[in-house]
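Trainee: Got a predicted structure here, sequence first:
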Amino acid sequence: MNNTKVNNVLYKTVGFMNCDSSFYKSLLNSNYEKKYFDDETINFLQNSYYSEYLNLMFKDKSSSVEIFSKKVNYQIGIEKRENDVILSCVDLYIFNNSNNNTKTSIFSITYKPTDFSLHEISNISNDLKNHNCEISYNSKKLLLIEFISQHLFFGKKISGINTSLAQYSGSKFKNYLVLDFDDISIDRNQLLYELGTSSKLGTIKNSTIHAPSDSYVNYILENKISCFKNYECLTLLNSFTVIGSNNYDENHVHTHTTWNDIYFSIYIFNLYVKSSLQVILNDFTSDAMVKRKEFQEFNNKYYFRKISYNFLPNEFFKRIADSLEIEEDLKFIENKLETLALQINEKQQKQQEFLLLCISVIALLETPLHIEGIREIIGIRNMAIYNSIVYPVLVITLVVLLISRYRRK
């Protein structure tokens, strides 16, 4: 299987970074172009996708995701690998975070192998997902993350930053891999598992001590998407893998657009939702009321149960969201908000009780001035002496009540 030749490959790595207004200027000054979709693609999408999702991901509107793209041709070598890789394209999906000064940018880098053997593709997909992959470019050795910062994003630091988004991103990129070949004898389940989990090819078949158990393989393959006989997909927390035949051809405009833009945008959208939820959770305790409002606005704009009139995009959308555990994150935040609401209600109720207590005490302090009978009953004729006794007693009583109240808290 290692020597199997792949006919067509679409391999992207996906990363995250925050960007501000100055970043836009740098993009335009560095020959990035804003990406627009032709009328034929838009017409197709209008007949297939709900307008809310379509307007967000594909239309040129103020609330839409902005997509910038740049064609490049960097030939890089990977340390300990014999063959070079061509870095051919960079795309940025910039989401408008209405509650922040910065915007979330999800970038993808498209690589083309110079060797189309399955073994080589497996190796480079394992290597290039790591920020600290050692590469060589123009006879200079450097880390992949340094190369990306220097040569793709004009020196902008995208790793080792103390932000919630950088913490979510971690030290690895997400893998998006589409393979197309003629060999129908390949065990797709085995290959999906090994490519999707970045395992060495043959790990399952060789049954070494590092091989996964059958139950774990079956557990991972529960995330498989298998709607047609010519291809199957596996969506996991850090990867999206497609294996098929007569499914993807780089030179065929429709299949290329389908996997490079349309289905890839579903993956990008879910990654944005996932990363945003993690950012909200990470900072939730810092200012819960602000995060509550932020989450509600985010949820109203970006939460979809379905995105299409057709079953297949909805299947991709749902299964990707399931693999990223988005519903679990949403429920967890909703539970935290419910708890927060209860705490706020209890606090407001106690504040109201305290206000009523203060009003009652004020009324009580005024009472001795208006009830002459009390002074007559206790036998104090002098008003000054009466007030000097009664008011201190009332004040001391109030202080004792307040102290006992706060001690109970």
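Mentor: Ah, there it is.
Trainee: Pull up the gap between the closest residue to residue 299 other than its chain neighbours and residue 276, please.
Mentor: Setting aside the residues directly before and after it, residue 299 is nearest to residue 330 in space (CB to CB, 6 or more residues apart in numbering), at 7.5 Å. Heads up, the C-betas are built off the backbone N, CA and C, glycines and all. Counting by CB to CB, to the nearest Å, the separation of residue 330 from residue 276 is 11 Å.
Trainee: who has more neighbours, the two?
Mentor: Taking other CB atoms under 10 Å, residue 330 and residue 276 do not tie; residue 276 has more neighbours (22 against 16).
Trainee: got the contact list for the more buried one?
Mentor: 97, 104, 298, 302 (CB atoms under 8 Å, 6 or more residues apart in numbering).
Trainee: And stretch 220-232, what's buried?
Mentor: 220-221, 223-225, 231-232 (16 or more other CB atoms under 10 Å).
Trainee: again, but for stretch 166-182
Mentor: 166, 168-169, 172-181.
Trainee: Please enumerate residues in contact with stretch 145-152?
Mentor: Residues contacting stretch 145-152 (CB under 8 Å, 6+ apart): 15, 70, 72, 74, 76, 90, 107, 109, 131-132, 135, 137, 142, 155-159.
Trainee: what's near enough to touch the residue nearest in space to the middle of the chain?
Mentor: The centroid of the chain falls nearest to residue 275 when counting by CA atoms, centre = their mean (1.5 Å). Contact partners of residue 275, counting by CB under 8 Å, 6+ apart, are 16, 104, 106, 165, 168-169.
Trainee: Out of the contacts of stretch 145-152, list just those in strands.
Mentor: If you go by DSSP state E, those have 15, 70, 72, 74, 76, 90, 107, 109, 135, 137, 142 in strands.
Trainee: so residue 172 bridges to which residues?
Mentor: Residue 172 has these beta-bridge partners by DSSP bridges: residue 130.
Trainee: Hmm, it is touching residue 238, no?
Mentor: Yes - shown here, residue 172 and residue 238 form a contact pair, counting by CB atoms under 8 Å, at 6.7 Å.
Trainee: Please enumerate the shared neighbours of these two.
Mentor: Here residue 172 and residue 238 have residue 129 as joint contacts, going by CB under 8 Å, 6+ apart.
Trainee: Flag the shaky bits of the stretch 201-350 of the chain, pLDDT-wise.
Mentor: For the stretch 201-350 of the chain, applying pLDDT under 70 flags the ranges 284-287, 341-350.
Trainee: mind listing the helices for it?
Mentor: Counting by DSSP state H, counting those that start in this stretch, the stretch 201-350 of the chain has helices at residues 203-206, 214-220, 253-257, 263-282, 288-302, 311-323, 326-370.
Trainee: Take the buried residues of stretch 166-182 and lay them out in TSV including pLDDT.
Mentor: Formatted as TSV, those follow (pLDDT from 0 to 100):
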residue	pLDDT
166	84
168	85
169	87
172	94
173	96
174	97
175	97
176	98
177	98
178	98
179	97
180	95
181	89
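Trainee: So which of those sit within strands?
Mentor: Using DSSP E, the subset of those located in strands is 174-180.
Trainee: Go through those residues and name the one nearest residue 325.
Mentor: Comparing these against residue 325 with CB to CB places residue 174 closest, at 14.4 Å.
Trainee: what ranges do the helices span in the stretch 1-150 of the chain?
Mentor: 21-29, 39-46, 51-57, 118-127, 144-147.
Trainee: so which of the ones you listed gets nearest residue 197?
Mentor: So among these, helix 118-127 is nearest, using CB to CB, at 10.0 Å.
Trainee: CA atoms only for the closest one, dumped as PDB, please.
Mentor: C-alpha atoms of helix 118-127 as PDB (Å, rounded to 0.1, in the frame of the first residue of the first chain):
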ATOM      1  CA  LEU A 118       0.800   7.300  -0.600                       C
ATOM      2  CA  HIS A 119       3.700   6.800   1.700                       C
ATOM      3  CA  GLU A 120       5.200  10.200   0.900                       C
ATOM      4  CA  ILE A 121       1.800  12.000   1.300                       C
ATOM      5  CA  SER A 122       1.300  10.300   4.700                       C
ATOM      6  CA  ASN A 123       4.800  11.500   5.800                       C
ATOM      7  CA  ILE A 124       4.300  15.100   4.700                       C
ATOM      8  CA  SER A 125       0.800  15.300   6.300                       C
ATOM      9  CA  ASN A 126       2.300  14.100   9.500                       C
ATOM     10  CA  ASP A 127       5.300  16.500   9.300                       C
END
